[in-house]
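S.K.: Pasting the sequence and the predicted model now:
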Amino acid sequence: MNDERRQTIERFYASLQKRDAAGMAACYHPDVVFSDPVFGELRGKEPAAMWHMLLKRGKDLEARCHDIQVEGNEGSARCEADYTFSATGRKVRNLLFARFLFEGDLIIRHDDDFDFWRWQRMALGLPGILLGWLPPFQNKIRRTARKGLDDFIARNPDFQG
C-alpha cells in the first residue's frame with residue numbers, strides 16, 4: 001500500500017506541474033480536508049476548487065516536489081513552487097512541507113505548511129515586509145483569499161454542494 005500512496009503523491013504533484021486541476025482532484029478522497037496558512041481549512045470540493053482557481057490564475061507556475069515519504073497511512077513531501085502572484089505581478093518562490101493522511105490510496109487530509117510572512121514579503125512587497133507579521137494583516141489576506149475562492153465556487157457549479 002505504501003507504493004500506491006507514494007504514487008498518489010507523485011501523481012498529485014505531476015498534475016500540478018502539468019496544470020491539471022482535475023488530475024489533482026482525482027487524488028483526493030471526496031471528504032478531503034485541506035489546510036494551509038492562506039486559505040485555512042477547506043473541505044470536500046473546496047480544495048479542488050482552490051487548485052482549479054490557482055492554476056487558472058497562475059500562468060507561469062513551476063512546481064518541484066522531492067523527499068516523498070510514506071509510512072502506513074501517512075505521507076509527506078517537500079515542494080518548491082515558483083510563480084507570479086496574480087494580484088501584484090510579483091515573483092514568488094514558495095517552499096513548503098506537505099503532510100498527507102490516506103484513506104485507501106486517496107488523500108483524505110492534506111496540510112501544506114510554509115512561512116506565511118516570507119510568502120507575504122515576496123507576494124505583496126513593501127506592505128508584506130512592513131505588516132505581514134501582524135495578525136490583523138494576516139487575517140485580511142486570509143479573508144481576501146477566502147472571498148476569492150467563494151466567488152470562484154459561486155461562478156462554477158461543479159464545485160458547489
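M.R.: Structure received. Numbers count the residues shown, from 1 in each chain.

S.K.: quick one, longest strand in this protein?
M.R.: When every strand of the chain is counted residue by residue (DSSP state E), the longest turns out to be strand 90-103.

S.K.: Tell me what angle the following helix or strand past that one forms with strand 90-103.
M.R.: Counting by DSSP states H and E, the element after strand 90-103 in chain order, helix or strand, is strand 106-113. Computed with axes from the mean of the first three to the mean of the last three CA atoms, to 10 degrees, the direction of strand 106-113 lies at 140 degrees from that of strand 90-103.

S.K.: got the CA coordinates for the following helix or strand past strand 106-113 in CSV?
M.R.: Under the assignment DSSP H and E, the closest C-terminal helix or strand after strand 106-113 is helix 116-124. Listed next in CSV are the C-alpha coordinates belonging to helix 116-124 (Å, rounded to 0.1, in the frame of the first residue of the first chain):
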residue,chain,number,x,y,z
PHE,A,116,3.4,32.9,5.7
TRP,A,117,5.4,36.1,6.4
ARG,A,118,8.1,35.1,3.9
TRP,A,119,5.4,34.4,1.3
GLN,A,120,3.7,37.8,2.0
ARG,A,121,7.1,39.6,1.6
MET,A,122,7.5,38.1,-1.8
ALA,A,123,3.9,38.3,-3.0
LEU,A,124,3.0,41.7,-1.6
